[in-house]
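A.B. asks: sequence first, then the predicted structure, then my questions.
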Amino acid sequence: MTNGWRQPYAQLKGFVSEHPEIEIGEKIVRIPDGPRLQFYELFDKIGATLLQESFPDVVPETKLLGESCAKAKGELSGQLKLSHVLEKFLDDPEASLLAELFDLTFDLVKGKVSPEAFEETASAMMEASSQKFYRLGYEKWVEVSLARLLDPDRILYVPLPKTGVAEKFKQEFPSKHAVPRPKDNGQISLEREVFPVFTTPDFIVHSAKLHKFAAVASEIVSPAWAASNVSRRRKWYPFEDTRAKIAALGGWPDISVYVNQRAADLVLVADSRTIARPDIIIECLELEQRREHDLEKARLQHEVLKPKLGSFIVSRIAVSRKERRDLGEGIRLLTVGFDSTKLRPIVDSLAGSKRTRKPLSR
């Protein structure tokens, strides 16, 4: 248990008692303009002190990640969009984490939770949120850095129809829909729909280095519709069967990469019935506490999805020689940190791929 945060908490209680115009109760919160600024300074200091005591490395490490993401974005031609929530976390991790504690801190001030319960719950919330957003931020850094190394001369996207949830799920089997053709956009957007009609790549680029198209996808979720124009130039797995196997491993790969001579053959990652076999799987290892889980996840995903050109683990942290040997055939580990040039073996593997001559059955 920590104690430093209790000092601003005591100061805040004393401040409230000295200002009878402040009303804080079960169903009322009234803080007039006069004492408002000082009230919230003490209020925020409670969570900030707990964050510094319990997780002293979170803010400086996240700031380094944010700087690395900003640099990668600056080096990539064209515009880039990240989700608003992730952008806020990378720009100001302390403010983002404290915002999540707002209601809980008020419950503490109101006396609805004890100091002990506050500390336990707040610590758990900050740990979970910081891990979630740090992990997501590192994955996006890998995607953006990889896009830069592919030397893109065209950037495309798949313009999915805008539909409501009810419309997405009222389709009756065996109704099918065509996946739209890719369009030049000049912009990479890493924002994702929660309930997509199809799972499509985060972006498709024409790579001057590969002399072909490369599609990069992350955050695979269950699509609502079946596609009528599934490419016969790619191999497909049954979606539900594969999802059941993947669920036991802790989820889909962090990043999947696909290459083809035609962008039209890369517009679909998955529909409600099938999911494409990746050319390369990339699993990210960025947190020490997830080390064992992520290494095992990479091994099992490689066995289930059988990526054509193998799997890569992109690690921010050092991994022992024994752990490297235990990964198995077809899986390479790259200790990258924030040096994007160390991702080049992935591009080299894609450059060595051969175009499939004979169409593959679905």
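C.D. replies: Everything's here; your move.
A.B. asks: and the longest helix that the chain contains, which residues are buried?
C.D. replies: Secondary structure of the chain per DSSP state H: the longest helix is helix 115-149. The neighbour-count check on helix 115-149 (16 or more other CB atoms under 10 Å) flags 118-119, 122-123, 126, 129-130, 133-149 as buried. Glycine gets a C-beta too; all of them are placed from N, C-alpha and C.
A.B. asks: tell me how the protein divides into domains.
C.D. replies: 6-139, 152-351 (automatic domain parsing).
A.B. asks: and among those, the most buried is which?
C.D. replies: Compared across the domains of the chain, domain 152-351 shows the largest average neighbour count, a mean of 18 (mean count of other CB atoms under 10 Å).
A.B. asks: distance between the ends of that one?
C.D. replies: Chord length of domain 152-351, first to last residue, is 14 Å (CA to CA, to the nearest Å).
A.B. asks: and stretch 95-111, average pLDDT?
C.D. replies: Here stretch 95-111 scores 94 as its mean pLDDT.
A.B. asks: just stretch 208-220 next, same as before
C.D. replies: For stretch 208-220, the mean confidence score works out to 93.
A.B. asks: over to stretch 157-165?
C.D. replies: 81.
A.B. asks: how distant is that stretch from the center of its chain?
C.D. replies: Relative to its chain's centre, stretch 157-165 lies at 20 Å (CA atoms, centre = their mean, to the nearest Å).
A.B. asks: equivalent analysis for stretch 178-196, please.
C.D. replies: 16 Å.
A.B. asks: can I get that stretch in CSV, CA atoms only?
C.D. replies: Extracted in CSV, the C-alpha atoms of stretch 178-196 (Å, rounded to 0.1, in the frame of the first residue of the first chain):
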residue,chain,number,x,y,z
ALA,A,178,-19.7,-7.2,-52.9
VAL,A,179,-16.7,-5.8,-51.1
PRO,A,180,-16.0,-2.3,-52.7
ARG,A,181,-13.0,-1.8,-54.9
PRO,A,182,-10.1,0.0,-53.3
LYS,A,183,-9.7,3.7,-53.9
ASP,A,184,-6.6,5.9,-53.8
ASN,A,185,-6.7,8.0,-50.7
GLY,A,186,-3.2,9.3,-49.9
GLN,A,187,-4.1,8.8,-46.3
ILE,A,188,-3.6,5.9,-43.8
SER,A,189,-6.3,5.7,-41.2
LEU,A,190,-5.8,3.3,-38.3
GLU,A,191,-9.3,4.0,-36.9
ARG,A,192,-11.5,0.9,-36.9
GLU,A,193,-15.2,0.3,-36.8
VAL,A,194,-16.5,-1.8,-33.8
PHE,A,195,-19.0,-3.8,-35.9
PRO,A,196,-17.8,-3.8,-39.6
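A.B. asks: give the rounded mean pLDDT of it.
C.D. replies: For stretch 178-196, mean pLDDT is 84.
A.B. asks: from here on, call the first residue 162.
C.D. replies: Sounds good: first residue 162 from here, last item stretch 339-357.
A.B. asks: least confident secondary structure element in the protein?
C.D. replies: When the helices and strands of the chain are scored by mean pLDDT, DSSP states H and E, helix 326-330 comes last with a mean of 65.
A.B. asks: please list the outside residues in contact with the next helix or strand after it.
C.D. replies: With elements assigned by DSSP states H and E, the helix or strand that comes after helix 326-330 is strand 337-338. Strand 337-338 has contacts (CB atoms under 8 Å, 6 or more residues apart in numbering) with Q332, V358, F359, W386, A387, A388, S389.
A.B. asks: surely R315 and H367 touch.
C.D. replies: Yes. Here R315 reaches H367: they are 3.9 Å apart, a contact under CB atoms under 8 Å.
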